[in-house]
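[1] need a structure here:
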Amino acid sequence: MVVKVGVIGTGAMGRAHIDRLTNVLTGAKVVAVTDINQEAAEAAVHDFKLDAKVYPDDTSLLQDPDIDAVFVVSFGGAHEATVLKALDTDKFIFTEKPLATTLEGAKRIVDKEMTKPRKVIQVGFMRRYDEAIHELKTKLDSGIIGKPLVVRASHINPDVAANYSNEMAITDTLIHEIDEMHWLLDDDYASIQITYPRQSSKVNNEGLRDPQLATLTTKKGVVVQVLVHVTAQYGYEVKLEVVGETGELKLPDDGFAPIVRTQATQQTAIETSWVKRFLQAYNTEVQEFINQVAQNQSPIGPSAWEGYIAAVTAEAGIRSQKDQEPVLINVATTPAFYQKKQAVQA
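    Model prediction:
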């Protein structure tokens, strides 16, 4: 079965998904696109030589009975409305993060999905599909370093767009680590605290504090510290280190370029694009989703409930930004609808 896909949002991320669905992965065909900018949607059809309809909006695209699955790749604030409308159809749904920009919105999606016979939503948290991160989790789960005690992580960007706000440091950047650590440790969060170190002189966005340090404490007592530094200038990278009872696990350097040793110096290039850094992870997560849809099976990747947990934690983080005090996190017990274990294959 070839999965017929409709793509909602043809900006940079939407075009990246169209490219991989059309030219890299197997089992899918993009048959419909839409974007708030119709010229962008038409350009995507032209540039990728698609045999696809261009719809004026998400509502009309979702009414197409020939579409098996939709990719929601519009701007974050539009995700909730589109996903809720998609849940009124029989289509599978892959939505990029965030599931919704508010806690209430994420809860509305979860509540509506639970009225269906099975799960149909996958949230695009691609970190779980990165080979190095997946291997680190495999070793952690094996008990090779004993129980995890402390996690140290960094999320570094060279710079951000002019519309990037202080809250987006949580909802667009830290949101990846929020999901990643919840999955990595298989542990729920108890609290979050955001603190502001010395302000970088490279910040140009009004109201943005950078860097920021997030400290999350889990129910089992693990302390997770994440440095978010989005105007670091020098490049893009993520760092991860887990300290256990009897050892440590550390994510290796990206290793995408050779180390140059010459004239008493050593140099290595640093990636500047998160898209390139996680290209393999994006491909793996989307192929897995397509494979499940082709078999008419529920997605096994990050669920709407996990998107909801991320939203709860992010909302608490935004509250902590206001006074830099710890904020307690309370998430209800996972509903039975979402309790089946989902094994991610890297």
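[2] who touches the residue nearest the centre of the chain in this structure?
    Centroid check for the chain by CA atoms, centre = their mean gives residue 125 as the closest residue, at 3.0 Å. Residue 125 sits next to 97, 176, 179-180, 183, 301-302, 306-307, 310 when contact means CB atoms under 8 Å, 6 or more residues apart in numbering. C-beta coordinates here come from the backbone N, C-alpha and C atoms, glycine included.
[3] Check which residues of stretch 5-23 are buried.
    In terms of neighbour count (16 or more other CB atoms under 10 Å), stretch 5-23 has its buried residues at 5-10, 13-15, 17-18, 20-22.
[4] Now tabulate those in CSV and tack on distance to residue 339, secondary structure and pLDDT.
    What follows is the buried residues of stretch 5-23, written out as CSV (distance: CB to CB, whole Å; DSSP: H, G, I helix; E, B strand; the rest coil; pLDDT from 0 to 100):
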residue, distance to residue 339, secondary structure, pLDDT
5, 29, strand, 98
6, 30, strand, 98
7, 31, strand, 98
8, 29, strand, 98
9, 31, coil, 98
10, 36, coil, 98
13, 30, helix, 95
14, 32, helix, 97
15, 36, helix, 98
17, 29, helix, 98
18, 34, helix, 98
20, 31, helix, 98
21, 30, helix, 98
22, 36, helix, 98
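[5] Residue 289: neighbouring residues, count only.
    Neighbours of residue 289 under the rule other CB atoms under 10 Å: 24.
[6] Would you confirm that it belongs to a helix?
    Yes: assessed by DSSP: H, G, I helix; E, B strand; the rest coil, residue 289 belongs to a helix.
[7] Assess the claim that it and residue 95 are in contact.
    No: between residue 289 and residue 95 no contact is recorded; they are 10.8 Å apart, counting by CB atoms under 8 Å.
[8] what is in contact with the two at once?
    Shared contacts of residue 289 and residue 95, defined by CB under 8 Å, 6+ apart, are found at residue 122.
[9] and the closest residue to residue 36 other than its chain neighbours, what pLDDT?
    Computed as CB to CB, 6 or more residues apart in numbering, the closest residue to residue 36 that is not its neighbour in sequence is residue 74, at 7.3 Å. In this model, residue 74 is scored at 96, pLDDT.
[10] Quick check: residue 74 touching residue 82?
    Yes: using CB under 8 Å, residue 74 and residue 82 qualify as a contacting pair, with a distance of 6.5 Å.
[11] what's near enough to touch residue 142?
    No contacts exist for residue 142 under CB under 8 Å, 6+ apart.
[12] quick one on the thing from earlier: now do the shared contacts for residue 74 and residue 82.
    By CB under 8 Å, 6+ apart, residue 74 and residue 82 have these common neighbours: 8, 58.
[13] Kind regards, and thank you for your time.
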